[in-house]
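> this one's structure only:
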């Protein structure tokens, strides 16, 4: 069996972001939004990443050009998520193993959650749909199960009946497929929906109708399903990732006196027994040694700070 591959959907525009910059390139704690998704996939053991580009494709390619495990597929005309995977066919036709499909605008995904889906697929399912449970289900695809709790289909918000709209188990947009059955199912997808698009979400039901095993795994939390469509949502996911960054630093031996009043770039490193005082900013690929004192109101901008250094209040280094 081949190592897992991931298809990451990143062809959309930034209409609701009110931006000329492609949505997936907006900054989240010092890195483009999509890079957080790619890291989550790598954390699940994915060795090849196919990024589907469209809007300002050259800019997305340029931004990710330094990643040797990333290739690209062009979706020149956006005809839905199913069509986005179809444009990757040439890169998938010889693949025999798991293929994940992920949204490029979901930076809160975690590698261990994605690994759970891959392991379930490798256990014999043709498809595993990653789901989460939430009362805040508006706009999200609902997971329809039969009386015994077995997966039946995914229904999008615009196509849902009132009964289906009340379902709280939702599609997170994360899938783990057996690659070859996926390619077969994609040939059967039809744009029979309000949007007249080719939905990837039709594939699990098609596979089930073809006698293949399909599972829905409620193994993700709702935060991981949160996509970024507006700058309000961008700020919200940035707060979560900033909390993760600071938590890891504190667990490694760094004291952050007031986490809510401190900002640390995801590319930065900070040594143990260093104390960061309120209203300080550590940006870029800053490297702060051990036993340092930063601030308050100090800025370390991409600089290297030696062990034992005190950066006084209102000082900037870098």
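Yep, that arrived. Note that this is a predicted model, so its numbers are computed, not measured.

> from here on, contacts and neighbour counts on C-alpha atoms
Will do.

> could you count how many residues lie near residue 75?
23 (other C-alpha atoms under 10 Å).

> remind me, longest helix of this protein?
Among the elements of type helix in the chain, defined by DSSP state H, the one spanning the most residues is helix 231-251.

> give me the distance from it to the chain's centre.
In terms of C-alpha atoms, centre = their mean, to the nearest Å, the gap separating the centre of helix 231-251 from the centre of its chain is 14 Å.

> just the mean pLDDT for whichever helix or strand comes after that helix, thanks.
Reading on from helix 231-251 to the C-terminus, the next helix or strand found by DSSP states H and E is strand 255-256. When pLDDT is averaged over strand 255-256, the result is 98.

> list the strands paired with strand 255-256, with their directions.
strand 275-276 (parallel) (DSSP bridges).

> now for the helix or strand following the partner strand, which elements pack on it?
Moving toward the C-terminus from strand 275-276, the next helix or strand (DSSP H and E) is strand 281-283. If you count contacts as 3 or more C-alpha pairs under 8 Å, 6 or more residues apart in numbering; DSSP states H and E, strand 281-283 packs onto strand 263-264, strand 299-301.

> give me the contacts around the last one.
Translated: strand 299-301. In this structure, residues lying in contact with strand 299-301 by C-alpha atoms under 8 Å, 6 or more residues apart in numbering are 280-286, 314-318.

> what pLDDT, on average, does it get?
Strand 299-301 shows a mean pLDDT of 98 in the predicted model.

> and if you look at stretch 116-135?
The pLDDT scores in stretch 116-135 average 96.

> for it, measure first residue to last.
In stretch 116-135, first residue to last residue: 23 Å (C-alpha to C-alpha, to the nearest Å).

> cool, and stretch 133-141?
The separation between the terminal residues of stretch 133-141, taken as C-alpha to C-alpha, is 12 Å.

> give the buried residues for it.
By neighbour count with 16 or more other C-alpha atoms under 10 Å, stretch 133-141 contains the buried residues 133, 137, 140-141.

> looking at the chain, which helix or strand is least sure?
Across the helices and strands of the chain, mean pLDDT, DSSP states H and E gives its lowest value to strand 151-155, namely a mean of 91.

> show me what counts as buried in the longest helix of the chain.
By neighbour count with 16+ other C-alpha under 10 Å, helix 231-251 contains the buried residues 234, 237-239, 241-243, 245-246, 249-250.

> of those residues, which is the nearest to residue 39?
Looking at these and their distance to residue 39, the nearest is residue 241, at 13.0 Å (C-alpha to C-alpha).

> returning to what we had before: for the longest helix of the chain, packing partners?
strand 27-28, strand 263-264.

> just so I know, which of these lies nearest residue 230?
Across the helices and strands packed on helix 231-251, residue 230 has its closest neighbour in strand 27-28 (12.8 Å, C-alpha to C-alpha).
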